[in-house]
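J.: here's my sequence, what's the structure:
(one chain, ligands or ions: 2)
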Amino acid sequence: MMDKDCLFCKIIAGEIPSAKVYEDDYVYAFKDVNPIAPTHYLFVPKTHICCAKKINAENSQYVAKIFEAIAKTAETEKIDSYRIINNCGEEAGQSVMHLHFHMMAGVKMGWGKHSLG
Ligand code: 5GP
Ligand code: ZN
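T.: Ligands and ions are numbered 1, 2, ... in the order given. Got it, this is the predicted structure:
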């Protein structure tokens, strides 16, 4: 089910252009328009799920397919090391209310409490 008012549903439908990097029956992936790493892709389910809070037994197959798609993409593009991020909720940094996983690579990344606000 798609949401006609949702930005990423419009991108999946091709109503808004995007730089596609991967697609199958469940998953669409495209370049983030405002990358914060040399490689920065967004993987989204081809159904409208607002956020990680709404993942359940009926739709979790989409999440599994997204992680398969990320692994395939990494293999195809020979990306050996990468970070997968999901922001859930406004305080965590979610700005588009359609579930998405950031795949980022190409730079040495920090970790630890100082990487949080
Ligand atoms: P969030 O902040 O919700 O975790 O991530 C949303 C991401 O979507 C941001 O990194 C932002 O740059 C990206 N984004 C927002 N609008 C567009 C768009 O129209 N096209 C593309 N390709 N990325 C977008
Ligand atoms: Zn949507």
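J.: for the closest residue to Tyr41 other than its chain neighbours, what is the enclosing helix or strand?
T.: Closest residue in space to Tyr41, ignoring its immediate chain neighbours: Met103 at 4.5 Å, by Cβ to Cβ, 6 or more residues apart in numbering. For glycine as for every other residue, the C-beta is placed from the backbone atoms N, C-alpha and C. Per DSSP states H and E: Met103 is located in strand 101-105.
J.: quick one: the strands in this protein?
T.: 20-23, 27-31, 39-45, 83-85, 101-105 (DSSP state E).
J.: what does the last one contact?
T.: It stands for strand 101-105. Strand 101-105 is contacted by residues 29, 32, 36-44, 66-67, 70, 73-74, 79, 81-87 when judged by Cβ atoms under 8 Å, 6 or more residues apart in numbering.
J.: buried ones in the helix ranked longest in the chain?
T.: Assignment by DSSP state H gives helix 60-76 as the longest helix of the chain. Buried residues in helix 60-76, counted by 16 or more other Cβ atoms under 10 Å: 62-63, 65-66, 69-70, 73-74.
J.: equivalent analysis for stretch 100-110, please.
T.: For stretch 100-110, the neighbour count (16+ other Cβ under 10 Å) marks 100-105 as buried.
J.: find the nearest non-adjacent residue to Ile49, please.
T.: Leu99 (4.3 Å).
J.: can you tell me how far the one you found is from Ile11?
T.: Look at Leu99 and Ile11: by Cβ to Cβ, to the nearest Å, they are 13 Å apart.
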